[in-house]
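**Student:** Below is the sequence, then the predicted model.
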Amino acid sequence: MYSLGQYIPRESPVHNRDPRVKIIGVLGLSIIIFKVSGAGLIGAAAIVALAAFLAGIPTARLLKTLRPVLPLFSILFLLYIFFTPGKPLPVFPIGPVQISYEGLNLGIIQAGRFILLVLAASLLTMTTSPAHMVIGLERLLQPLKITGISPQDVALMVSMALRFIPLLDGELEHIKTAQLARGANLNPRRLSAKIRAIGCLAAPLSMNVFRRCDGLIEAMEARGYRQGPRTHLYELVMTRTDYAVIGAFIIILVTAFIL
């Protein structure tokens, strides 16, 4: 069963790119997203849409990755539109409620930035296998050796975190289904009942997370995992296309800073 943000194996120009290129591209796109606004954000959205198209990722599937964070982004949007002073809209204020042009514009821009960040990160995990993600991060973090930090351990922790996000989402869906089958009301109207409903989901989810962590530790120990440098079955090799993609991102990044 597909989980949010999980790797989707297939052949595409995006899947075939070196993981280091994709990681650098997402980091560069993140800088662009926070640097630009208005038309620049539309351009960043076009880059994400083009990458999704080339990767063969359906738009509906990519947008589903926003589902867990939509409540947070909605609250952020409301905070901006209600608490940013400025020229009020013609239909406002209505009583104590006041929405300004500046607040609406700022709310759309800030929410759009975070949405694009989530979509770009989801596209990275959908088009890069966990094994290649680990190797790519490990190669990019090699300069950390001079600080005494093991790049292999950092890469492993990041890859495990990325791997557990879709797993946790799937576990939560299973728990919700089980609770609903037992007659639980997960959408009550009273605040106290909502808190109890959250507790009914949080307790079994926490237990399942610890159980999975124990299983992961046992599996790693059974396979002889030890800290320190390791070898890999496949070594990463940059192609001319990879270098061209990095060059294109550098040009876009420089253009964003200049304009």
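**Tutor:** On my side now, so go ahead.
**Student:** Report how many residues lie close to residue 117.
**Tutor:** 18 (other Cβ atoms under 10 Å). (C-beta placed from N, C-alpha, C; glycine too.)
**Student:** how about the helices in the chain?
**Tutor:** Secondary structure of the chain (DSSP state H): helices located at 19-35, 39-55, 59-63, 70-83, 101-127, 130-140, 151-181, 191-222, 240-258.
**Student:** which stretch in those is the model least sure about?
**Tutor:** Sorting the helices of the chain by mean pLDDT places helix 151-181 lowest, at a mean of 79.
**Student:** Output the contacting helices and strands for that helix.
**Tutor:** If contacts are counted by 3 or more Cβ pairs under 8 Å, 6 or more residues apart in numbering; DSSP states H and E, helix 151-181 sits against helix 130-140, helix 191-222.
**Student:** and among those helices, the most buried is which?
**Tutor:** Stretch with highest mean neighbour count among the helices and strands packed on helix 151-181: helix 130-140 (a mean of 20; mean count of other Cβ atoms under 10 Å).
**Student:** List the contacts of it.
**Tutor:** By Cβ atoms under 8 Å, 6 or more residues apart in numbering, the list of residues contacting helix 130-140 from outside reads 7, 18-20, 22-24, 125, 128, 151-152, 154-156, 158-159, 162-163, 232, 234, 236.
**Student:** Buried only: go through those for me.
**Tutor:** 7, 18-20, 22-24, 125, 128, 151-152, 155-156, 159, 162-163 (16 or more other Cβ atoms under 10 Å).
**Student:** and of those residues, the nearest to residue 248?
**Tutor:** residue 24 (11.4 Å; Cβ to Cβ).
**Student:** Thought residue 247 was touching that closest one, still the case?
**Tutor:** No. If you go by Cβ atoms under 8 Å, residue 24 and residue 247 don't touch, sitting 11.2 Å apart.
**Student:** okay, and the common contacts of the two?
**Tutor:** Between them, residue 24 and residue 247 share no contacting residue, judged by Cβ under 8 Å, 6+ apart.
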